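Novice: Pasting a predicted model and its sequence here:
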Amino acid sequence: MTRSLIATATLAALLCVGTSPAVARANETGLRSVAVYTADLDIGTAKDQRRLRQRVARTARDVCGMNVQVPGTTLPTAQARRCYFDNLRKVDRHIAQGAERRAQFASSRRD
């Protein structure tokens with residue numbers, strides 16, 4: 001089974017509604033989808049953006065297999081590294097998109 005974290009859609013849904021604690025499940029493609037708890041975060045602040053990144057990094061590290069020991073090396077597999085860093089980039093894009101939406105909303109309220 002391929003280990004992967006599908007975070008973008010999950011995070012988008014969670015950040016919009018502020019939801020329940022983390023949930024892990026396998027979907028029909030065999031990929032794992034993990035919800036990251038965000039109800040206590042204000043993603044509009046730098047402090048909580050860092051907290052979100054830390055939560056996603058910790059979850060992605062586990063789900064992607066970054067801690068799995070491969071015989072003969074201390075490094076994670078290329079697949080695990082790709083999974084991990086892809087998900088960190090996804091959360092950064094999501095945070096940036098949220099900031100852009102907040103700026104547009106604030107601008108429209110001033111008009």
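Specialist: On my side now, so go ahead. Numbering: from 1, shown residues only.
Novice: Could you use CA atoms for every contact and neighbour count after this?
Specialist: Will do.
Novice: which stretches of the protein form helices?
Specialist: Along the chain, the stretches classed as helices by DSSP state H are 8-17, 46-64, 78-110.
Novice: confidence score at Leu14?
Specialist: pLDDT for Leu14: 43.
Novice: actually Gly65, not the one I typed
Specialist: 89.
Novice: got any ranges where the chain has weak pLDDT?
Specialist: 1-31, 111 (pLDDT under 70).
Novice: could you redo the last one with a cut-off of 90?
Specialist: 1-39, 41-45, 65, 67-71, 73-74, 91, 94-111 (pLDDT under 90).
Novice: need the contact list for the residue lying closest to Pro76 once chain neighbours are set aside.
Specialist: Nearest non-adjacent residue to Pro76, counting by C-alpha to C-alpha, 6 or more residues apart in numbering: Met66, 5.2 Å away. When contacts are counted by C-alpha atoms under 8 Å, 6 or more residues apart in numbering, Met66 touches Pro76, Thr77, Ala80, Arg81, Tyr84.
Novice: one more time with 7 Å
Specialist: For Met66, the contact set (C-alpha atoms under 7 Å, 6 or more residues apart in numbering) comprises Pro76, Ala80, Arg81.
Novice: looking at the helices of the chain, which is buried most?
Specialist: Mean neighbour count (mean count of other C-alpha atoms under 10 Å) peaks for helix 46-64 among these, with a mean of 18.
Novice: angle of that one against helix 78-110?
Specialist: Going by axes from the mean of the first three to the mean of the last three C-alpha atoms, to 10 degrees, helix 46-64 is angled at 150 degrees with respect to helix 78-110.
Novice: where's Asp68 relative to Leu88, distance?
Specialist: Quick fix: residue 68 reads Val, not Asp. 19 Å (C-alpha to C-alpha, to the nearest Å).
Novice: Brilliant, that's me finished.
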